[in-house]
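Visitor: Model the following, please.
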Amino acid sequence: MHLNFAVFFALVAFCTSHIYFQEDFVDSNWESRWVVSDWKKDKGEAGDWGLSAGKYFTDESKERGLKTLQDARFYDISAAHEDFSNRGKTLVIQLSVKHEQNIDCGGGYVKLVPADALTDQKQFQGGESETKYNVMFGPDICGYSKKVHFILSKKGTNHLINQEVPAESDEFTHVYTAVLSPDNSFKVYVDGEEKKSGSIPDFWNILPPKKINDPAQSKPTDWVDEKYIDDPNDVKPEGYDDIAAEVVDPDAKKPEDWDDDLDGEWEAPKIANPEYKGPWSPKKIENPAYKGPWVHPQVDNPEYKDDPELYAFDSFKYVGIDVWQVKSGTIFSHFLLTDDFETAKAQIDVIKTIRDGEKKKKEEETAAAAAAAKTAEEEGDDDEDEDKEDL
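Guide: Alright, predicted model coming up:
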C-alpha cells in the first residue's frame, strides 16, 4: 500500500512539472530558434556565432552548443519561449558553459527577459541602453576574478548577490544551476554541488535595512573613545634633541689620489648615527577615562517593508546571451528553464558524463603526443648512433 502511494505521488510530481524552455542543439537548425542581435554590427564589434562540440567530445551531435568565434567582440543573441510567471512556483535556471579557449576575460551568463522588454529580438543589447531583464545568471571570468554572477532586477535596479560564488574556468563543460523558490529562498549549484543558498533578502540588498541608526541620538561630546593616551609622567631626557641624526663616518679616509686644489677640500661622508632614536614622543598608557567604542542605538526603519515575493516575476519570455569576450571560444549549451529541480538534476548527470568524456579524450591526446615525442626521440638517437658507426 505504501509503495502504491509512493508511485502515485511520483507520478503526480512528474505530471505537474513543467519545462518552459530547453535547448541542447541536437539538431543543426539553431538559427530558426535563436536570433542574433544587430547591436554593435554597424561598428564591426559584434562577434560571429557557430555550432560546435569543441575539441574534446565523445558524441559530436549530442554535445554541440553555441560557440563564440572572434576575439574582442560583443556577443548578443536570444531565443523566445512561452511567456510565463514563476509567481507561486519554483524556477530552475540552468546552462552549461565550456571555456575551451582557457578564457582570460569574458562573460558566460544568460539573461532572462520579460515580454514587454523586447519587441524585436534583433534589438537585444547590453551597454548603457541594455535590454531590461529579470535575472542574470552564469559565470564571469576576468583575470583572478572567477565568479558566478547572479543578479535580480527589481523596480528598475539590478541587484547583484552580495556574496561571491566561485566559477570554473578550465577548458571542460561545467553546468550552472540557480533555483528561486516561493519561500523567498535561493540556491546556486555548480556541477550539481551546492555553492550558496539562503534567504533572498539576506543575499541581495534589495530591501531597505530593517534597522537604522536612531536619528535622535548622537555620540555624547564627553564620550572618551581613546584607549591609549600619552603618559603625563614621561619626560623627555635631557639633551635628547642634541643627538644628531647623522655623524661623520669615523672609518672614512681621504683617498690617496684626492687633490685639494682640483677636487676641493675633502670632507668625510656621514653615516646614520646609531645613537639617534628619532623624534621623541612620550610612551603610551591605558586611558583611565576610556569608555570603549560608542555604539549608535538602532531603531526600526520606517521605510522598511517586507516583500515575500522577491523571487517572483510576472513575465519571462526570452533567454538571451549578452557578453563581451577578449578571447573567443566559449560554448553555451544545455539551456533549461523548469519548475522541477529533478528535471535539472537529470541533465546535470548527463553533463557530468560529457565532462568525464572530455577529460578522457584530453588524457588520451596527451598520452599519444607524449608517446609520439618519445618515439621521435628514440628514432633520432638511433639515427645518431648509425651516423657514428658510419664514421
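
Visitor: Nearest residue to the middle of the protein?
Guide: Taking CA atoms, centre = their mean as the criterion, residue 147 is the residue nearest the geometric centre of the chain, at 1.7 Å.

Visitor: For it, what is the enclosing helix or strand?
Guide: When secondary structure is defined using DSSP states H and E, the element that contains residue 147 is strand 145-154.

Visitor: And that strand, what does it pack against?
Guide: Contact here means 3 or more CB pairs under 8 Å, 6 or more residues apart in numbering; DSSP states H and E; on that basis strand 145-154 packs against strand 135-142, strand 157-160, strand 185-190. C-beta here means a position set from N, CA and C on the backbone, and glycine is covered the same way.

Visitor: Pull up the gap between the residue nearest to the centre of the chain and residue 102, please.
Guide: Note on residue 147: its distance to residue 102, by CB to CB, to the nearest Å, is 17 Å.

Visitor: Could you do residue 95 as well?
Guide: Taking CB to CB as the measure, residue 95 falls 20 Å from residue 102.

Visitor: try residue 127
Guide: If you go by CB to CB, the gap between residue 127 and residue 102 works out to 27 Å.

Visitor: With residue 119 instead?
Guide: Using CB to CB, one gets 39 Å for the distance from residue 119 to residue 102.

Visitor: Between those two, tell me which one has more neighbours.
Guide: Ranked by neighbour count (other CB atoms under 10 Å), residue 119 and residue 102 place residue 102 first, with 11 against 7.

Visitor: What score does the more buried one have for pLDDT?
Guide: As summarised for this prediction, residue 102 has a pLDDT of 86.

Visitor: For residue 69, which of the helices and strands packed on strand 145-154 is the nearest?
Guide: Comparing the helices and strands packed on strand 145-154 against residue 69 with CB to CB, the closest turns out to be strand 135-142 (18.1 Å).

Visitor: what are the ranges of the strands in the stretch 151-300 of the chain?
Guide: 157-160, 173-181, 185-190, 193-199, 211-213, 228-230, 246-248, 270-272, 284-286, 298-300 (DSSP state E, counting those that start in this stretch).

Visitor: The fifth one: partners in the sheet, and parallel or antiparallel?
Guide: The one in question is strand 211-213. Strands that pair with strand 211-213, judged by DSSP bridges, come out as strand 298-300 (antiparallel).

Visitor: helix or strand right after the strand it pairs with?
Guide: Read in the C-terminal direction, the helix or strand following strand 298-300 is strand 316-325, with elements assigned using DSSP H and E.

Visitor: how many other residues sit next to the closest residue to residue 210 other than its chain neighbours?
Guide: Setting aside the residues directly before and after it, residue 210 is nearest to residue 304 in space (CB to CB, 6 or more residues apart in numbering), at 5.1 Å. Residue 304 sits with 12 neighbouring residues when counted by other CB under 10 Å.

Visitor: got it, and the one 3 residues further on?
Guide: Other residues within reach of residue 307, judged by other CB under 10 Å, total 13.

Visitor: close enough to count as contact, residue 154 and residue 311?
Guide: No - with the criterion set as CB atoms under 8 Å, residue 154 and residue 311 do not qualify as a contacting pair; they are 10.7 Å apart.

Visitor: who's more crowded, these two?
Guide: Comparing residue 154 with residue 311 by other CB under 10 Å, the one with more neighbours is residue 311, at 22 against 14.

Visitor: which residues touch that one?
Guide: By CB atoms under 8 Å, 6 or more residues apart in numbering, residue 311 lies in contact with 86, 91, 180-182, 184-186, 200.

Visitor: Let's see that with 6 Å instead.
Guide: Residue 311 sits next to 180, 184, 200 when contact means CB atoms under 6 Å, 6 or more residues apart in numbering.

Visitor: which one of the residues you listed has the most neighbours?
Guide: Taking other CB under 10 Å as the neighbour criterion, residue 180 ranks highest of the contacts of residue 311 with 24 neighbours.

Visitor: distance between the longest strand along the chain and the chain's centre?
Guide: Among the elements of type strand in the chain, defined by DSSP state E, the one spanning the most residues is strand 73-84. Here strand 73-84 is found 22 Å from its chain centre; the criterion is CA atoms, centre = their mean, to the nearest Å.

Visitor: avg pLDDT for it?
Guide: Summarised as a single mean, pLDDT over strand 73-84 is 97.

Visitor: what angle sits between it and strand 316-325?
Guide: When axes from the mean of the first three to the mean of the last three CA atoms, to 10 degrees is applied, the directions of strand 73-84 and strand 316-325 differ by 170 degrees.

Visitor: Could you list the buried residues of strand 73-84?
Guide: Within strand 73-84, the residues that count as buried by 16 or more other CB atoms under 10 Å are 73-81, 84.

Visitor: and those residues as a markdown table, adding distance to residue 258?
Guide: Output for the buried residues of strand 73-84, formatted as a markdown table (distance: CB to CB, whole Å):
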| residue | distance to residue 258 |
| --- | --- |
| 73 | 69 |
| 74 | 70 |
| 75 | 73 |
| 76 | 76 |
| 77 | 80 |
| 78 | 83 |
| 79 | 86 |
| 80 | 90 |
| 81 | 90 |
| 84 | 93 |
